[in-house]
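Sequence first, predicted coordinates after that:
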Amino acid sequence: MISKRLLCILFIGTLTVNAQYTDQINSNRPGASIGAFAVGKNVVQAETGFAFRNYSHSGYNNSTFNGMFGFLSVRWGFLSERLELTLNSMYLNGNLNSKISSIPQITPKRGFMENFAGLKFLFYDPFKKERDINVYSWKANNGFKLRELVPAVSLTLGANYNQKNSPFPYNNVFGGIYRPLLFQNLGIPPDQEPDFHLRGTLATQSHFLGTWVFVTNFNYDRYLSDYPEMSYLLTLTHTLNPYWSVYIENQGIKSDLFQDILYRFGAAYLYSDNIQIEATIGASSKNTPSLLLANIGLSYRLDFHKEYVSAEEVERKSLKAEEKKLKKTLKQNSQTERKRNRKAKRN
């Protein structure tokens, strides 16, 4: 996706037989979903930022956790327009305010929430074949077409490497007070994740009415752990103009340990073809725990992509070069002829 958001207006105009690459940055931000498209061959891209999180858990006497996230995603398109290597990392630093006892206890906590490495491959690209443009009808080019609902489809597979003795087992910020005191006295060990677990994400992406993008993600996460997790993300984006876009997102998470529904809303600004700035606010639908979030982020692209050049373009450039060479030759001959005429007059 161009900016997973700023894609729509210029997308169709930039499509060629190498449909993955786009003239503008293709970011998964804002939001948590990932688009079906890769960044493009020989493109390196970083998506980074900070997020504030406020958690409150009614089951623990409204204990709270306030923290700051730092997130970084590095994406590299290589070997093929359809293939991408992705590295994701998230680090959380905050304070747990336990209100279980009569005297609240504040405990600093910091550690990694995610260290993921995976490969994305685009299985189906509905834009691979360039569509005909009707030069006589704006409506024919911009009206709704049923085929626009046919999505691009990709699959991402990879592994998450878990921090040893993580203070946030299974991303649970209340891990220190997760077990009632009675169970701790019985010697039941706290939740611990294995050194790594596997994750798979099926992503689809549809474009319609020229300025709308709909993305879905279906995730199976924490495979090879005690608590496998399934989740979905639905993201709808609307491009307001070539620079601004807005989005709404719904995420559902379910495992034997945790389940929740999250809502996000945000906007992205295309600063240049290689830089995007974005912001998001969001909240959860439950109070065990409740979650309020806000983040700002930046996406930056290093573009080493080699443009595809058609046979017609090669021929056009060749004719232009020959025309330039011919004009130069005629100019030189003209100058030589004038010098010869001046010399003849003097004689």
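Right, received. Where do you want to start?

quick one: residue 106 from residue 99, how far?
In this structure, residue 106 and residue 99 are 10 Å apart, going by Cβ to Cβ, to the nearest Å. C-betas here are computed from N, CA, C, even on glycine.

ah, wrong one, I meant residue 68
Counting by Cβ to Cβ, the gap from residue 68 to residue 99 is 21 Å.

quick revisit: residue 106 and residue 99: which has the busier surroundings?
When neighbours are counted by other Cβ atoms under 10 Å, residue 99 comes out ahead of the other of residue 106 and residue 99, with 16 against 9.

Do I have it right that the more buried one meets residue 61?
Yes. Under the criterion of Cβ atoms under 8 Å, residue 99 makes contact with residue 61 at 4.4 Å.

Please identify the next secondary structure element, helix or strand, after the strand or helix carrying residue 296.
In this structure, residue 296 sits in strand 290-303 according to DSSP states H and E. Going down the chain from strand 290-303, the next helix or strand is helix 311-346, by DSSP H and E.

For that next one, name the packing helices and strands.
Contact analysis of helix 311-346 by 3 or more Cβ pairs under 8 Å, 6 or more residues apart in numbering; DSSP states H and E lists no helix or strand as a packing neighbour.

Run the chain-centre distance for it.
52 Å (Cα atoms, centre = their mean, to the nearest Å).

now do stretch 278-295
Relative to the chain's own centre, stretch 278-295 is displaced by 19 Å; criterion: Cα atoms, centre = their mean.

Over to stretch 83-100?
With Cα atoms, centre = their mean as the basis, stretch 83-100 stands 17 Å off its chain's centre.

In it, which of the residues would be classed as buried?
Buried residues in stretch 83-100, defined by neighbour count with 16 or more other Cβ atoms under 10 Å: 83-86, 88-92, 94, 96-99.

need these in CSV with distance to residue 163 and pLDDT, can you?
Listed next are the buried residues of stretch 83-100 as CSV, based on distance: Cβ to Cβ, whole Å; pLDDT from 0 to 100:
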residue, distance to residue 163, pLDDT
83, 29, 94
84, 25, 96
85, 22, 96
86, 19, 96
88, 14, 96
89, 11, 96
90, 11, 96
91, 10, 96
92, 11, 96
94, 15, 94
96, 17, 93
97, 22, 92
98, 21, 89
99, 26, 87
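
Can you tell me which of these is nearest residue 337?
Compare each of the buried residues of stretch 83-100 with residue 337 using Cβ to Cβ and the shortest gap goes to residue 83, at 59.5 Å.

Quickly list what the closest one is bridged to.
In this structure, residue 83 has the following beta-bridge partners (DSSP bridges): residue 121.

now the one 4 residues further on
Per DSSP bridges, residues listed as beta-bridge partners of residue 87: residue 74, residue 117.

Likewise for residue 290?
Taking DSSP bridges, one finds residue 56 as the beta-bridge partners of residue 290.

do the same with residue 223
With DSSP bridges applied, the residues forming beta bridges to residue 223 are residue 198.

distance of it from residue 25?
For residue 223, the distance to residue 25 under the criterion Cβ to Cβ works out to 32 Å.

out of these two, which sits in the more crowded spot?
Relative neighbour count places residue 25 above the other of residue 223 and residue 25, with 28 against 13, counting by other Cβ under 10 Å.

Report the separation between that one and residue 251.
24 Å.

try residue 105
To residue 251, residue 105 is 31 Å away according to Cβ to Cβ.

With neighbour numbers in mind, choose between the two.
Neighbours of residue 105 and residue 251, each counted by other Cβ under 10 Å, are more numerous for residue 251; the result is 21 against 13.

helices or strands next to the helix or strand hosting the more buried one in the packing?
Residue 251 is part of strand 244-255, with elements assigned from DSSP H and E. Counting contacts by 3+ Cβ pairs under 8 Å, 6+ apart, the secondary-structure elements packed against strand 244-255 are strand 229-239, strand 259-272.
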